[in-house]
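Novice: this one's sequence-less:
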């Protein structure tokens, strides 16, 4: 026999805690997301360090690029060529990709020669440098404006 939930000012159990439990879950999602990011960062650092010491920086970079290409190529082919793609944009994409490859090559070379803790600390600052340079530019990127704002058109 199933009993009905208690009604009145002295409710107990799950029904009395629903408002509080939603706040706890939202806070836990942020903590679990940060923990997941830290675990992924540590795993990739350890794997990159080990592989660059075993097979070299160039070979590690080649394998990372091949795996990345295999993962992203189906989505790129399925989405097609973007409408606003012009020569200056392609040039900026090529320059950004070249900088990424050069930075990863230097990072893997550092893992091969140096201490993992020092190299990973230096490598983690690259995201800060990229975001600072993006924020310091005068032109606001389209992705930073809301989808229905007049500045987007």
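Specialist: That came through, no problem. Since we're looking at a predicted model, the values are computed, not measured.
Novice: Please make it C-alpha for all contacts and neighbour counts, starting now.
Specialist: Fine.
Novice: check contacts around the nearest residue in space to residue 46 that is not next to it in sequence.
Specialist: Distance criterion C-alpha to C-alpha, 6 or more residues apart in numbering; nearest residue to residue 46, sequence neighbours excluded, is residue 116 at 7.9 Å. Counting by C-alpha atoms under 8 Å, 6 or more residues apart in numbering, residue 116 makes contact with 45-46, 49.
Novice: Please indicate which of the residues you listed are buried?
Specialist: Buried members of these, scored by 16 or more other C-alpha atoms under 10 Å, are 45, 49.
Novice: okay if I get the contacts of residue 116 as a markdown table plus pLDDT?
Specialist: Output for the contacts of residue 116, formatted as a markdown table (pLDDT from 0 to 100):
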| residue | pLDDT |
| --- | --- |
| 45 | 91 |
| 46 | 93 |
| 49 | 93 |
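Novice: Throw the contacts of residue 116 into CSV and include secondary structure and distance to residue 89, thanks.
Specialist: Converted to CSV, those look like this (DSSP: H, G, I helix; E, B strand; the rest coil; distance: C-alpha to C-alpha, whole Å):
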residue, secondary structure, distance to residue 89
45, helix, 31
46, helix, 35
49, helix, 34
